[in-house]
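[1] quick one, structure for this:
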Amino acid sequence: QVQLVESGGGSVQAGGSLRLSCAASGYIFDRLCMGWFRQAPGKEREGVARISRSGATTYAESVKGRFTISRDNAKNTLYLQMNSLKPEDTAIYYCAAHSRTFCVGAYDYWGQGTQVTVSS
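    Sure thing, here's the model as predicted:
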């Protein structure tokens, strides 16, 4: 069973930066496909960024050029570096994982979430 624990959320002014971390346990980390999702109040959860086992990344259009997803397999940790934050980035951010072939498919494991609040 995979356990995921996020940290690094907080409050920041627009234009600022935060780095989220997600510590994984219970599985061989480099075999996991990882992603960050977010859910703002009154909105559906949306994908923010994904990273494959090999390190290939994809981003939502709304965060391209501002956010960077990365992983440190030696530390069993996933990161999300968020720069040039905007008020519309305010949400609960979730780390997620799965182990499906070619990193295609739904995420099976989710963290508890960390709040990010960006003020104007």
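[2] could you check the pLDDT of Cys103?
    Predicted confidence (pLDDT) for Cys103: 88.
[3] so what's it closest to, chain neighbours aside?
    Of all residues not flanking Cys103 in the chain, Cys33 sits nearest, at 3.6 Å (CB to CB, 6 or more residues apart in numbering). To be clear about C-beta, it is placed using only N, CA and C from the backbone, and glycine gets the same treatment.
[4] so what's the residue count around the one you found?
    When counting by other CB atoms under 10 Å, one arrives at 22 neighbours for Cys33.
[5] over to Cys103?
    Using other CB under 10 Å: Cys103 sits among 18 other residues.
[6] who's the nearest residue to Ile69 once chain neighbours are set aside bridged to?
    In space, and not counting its chain neighbours, Ile69 is closest to Ala49: 3.9 Å by CB to CB, 6+ apart. In this structure, Ala49 bridges to Trp36, Tyr59 when assessed by DSSP bridges.
[7] isn't Ala49 right up against Arg38?
    No. Judged on CB atoms under 8 Å, Ala49 makes no contact with Arg38 at a distance of 9.9 Å.
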